[in-house]
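Colleague: Sequence first, predicted coordinates after that:
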Amino acid sequence: MTSFGSALWSSVGKKVITGLTGFALMGFVVVHLIGNLTLFIGPHAFNEYAHFLETVAHGWLIYAFEIFLFVVFVFHMVSAVTVAWTDKKKARQQGYKYAKDAGGKSRKTLASRSMIYTGAILIIFVIAHIFLFKFNAGNPHEMTKGGVKDLYKTVVTVFKGPGFTIFTVVAMILLGLHLRHGFWSAFQSLGWANDKYLPVLVNVARVFAVVLAVGFIIIPIYLFLSGDPNASSTMTGGH
């Protein structure tokens, strides 16, 4: 292994990878939420948004981004698990006497202690999400009268059932818990936080986590309570 590779896969290097990939994934989550909010505008807006993503640069851009996102996701998962395993092993060796976060005051919370578990459940959710919405398992995408894939109808149909709606709400609560710790921890992993700014970042993380979680939660609940899968063909017919 080269010196660069050794440094990259060292204890510090893995924390840097976790932090950088964490920022990339948080950026994606924010953009994904903004795009999903077009569901509230209506079928035409959401379908046109989805169609734009799938067709920009003849579809190559979305494929390139998906590959990039997959690589980032894998690196984040592997580095986070190995860091957690190393920290746990070190804590056992020290008898938990020194198992505190850097900065003196321990910041161990439910969010920090459950990162691996919330991450594992989120992986399951992401797989189910891709399976249902990207590949639309067992229910091929319909087309609107304008010739655009009717993804709106697919989304509304999925969230008409209580099962995946409840699973999504629970997963988004866990996402908020994951982000509550992950946000400020990413800054700390990259050395961008000190005793002066860390308390501020922790508070920002709380707000960030709540906003993202609530933003994602209201979508399935809204569609479950008021969604009409037949509205798409009616509303997009005039476009």
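Modeller: Cool, the structure landed.

Colleague: tell me the pLDDT at the residue most central in space within the chain?
Modeller: With distances taken as C-alpha atoms, centre = their mean, residue 29 lies nearest the centre of the chain, 4.8 Å away. Looking at residue 29, its pLDDT reads 98.

Colleague: What residue, apart from its backbone neighbours, is nearest it spatially?
Modeller: Setting aside the residues directly before and after it, residue 29 is nearest to residue 212 in space (C-beta to C-beta, 6 or more residues apart in numbering), at 6.2 Å. Using the backbone N, CA and C atoms, a C-beta is placed for each residue, glycine as well.

Colleague: Number of residues surrounding the one you found?
Modeller: Counted with other C-beta atoms under 10 Å, residues neighbouring residue 212 total 22.

Colleague: separation between it and residue 49?
Modeller: As for residue 212, its distance to residue 49 is 19 Å (criterion: C-beta to C-beta, to the nearest Å).

Colleague: who touches the residue nearest to the centre of the chain in this structure?
Modeller: 175, 179, 212 (C-beta atoms under 8 Å, 6 or more residues apart in numbering).

Colleague: Show the model's pLDDT score for the second one.
Modeller: Put plainly, it is residue 179. pLDDT, residue 179: 97.

Colleague: For it, which residues are in contact?
Modeller: 26, 29, 205, 208, 209, 212, 213 are the contacts of residue 179 under C-beta under 8 Å, 6+ apart.

Colleague: Residue 149: which of those residues is nearest?
Modeller: For the contacts of residue 179, the minimum distance to residue 149 (C-beta to C-beta) is 23.3 Å, reached by residue 29.
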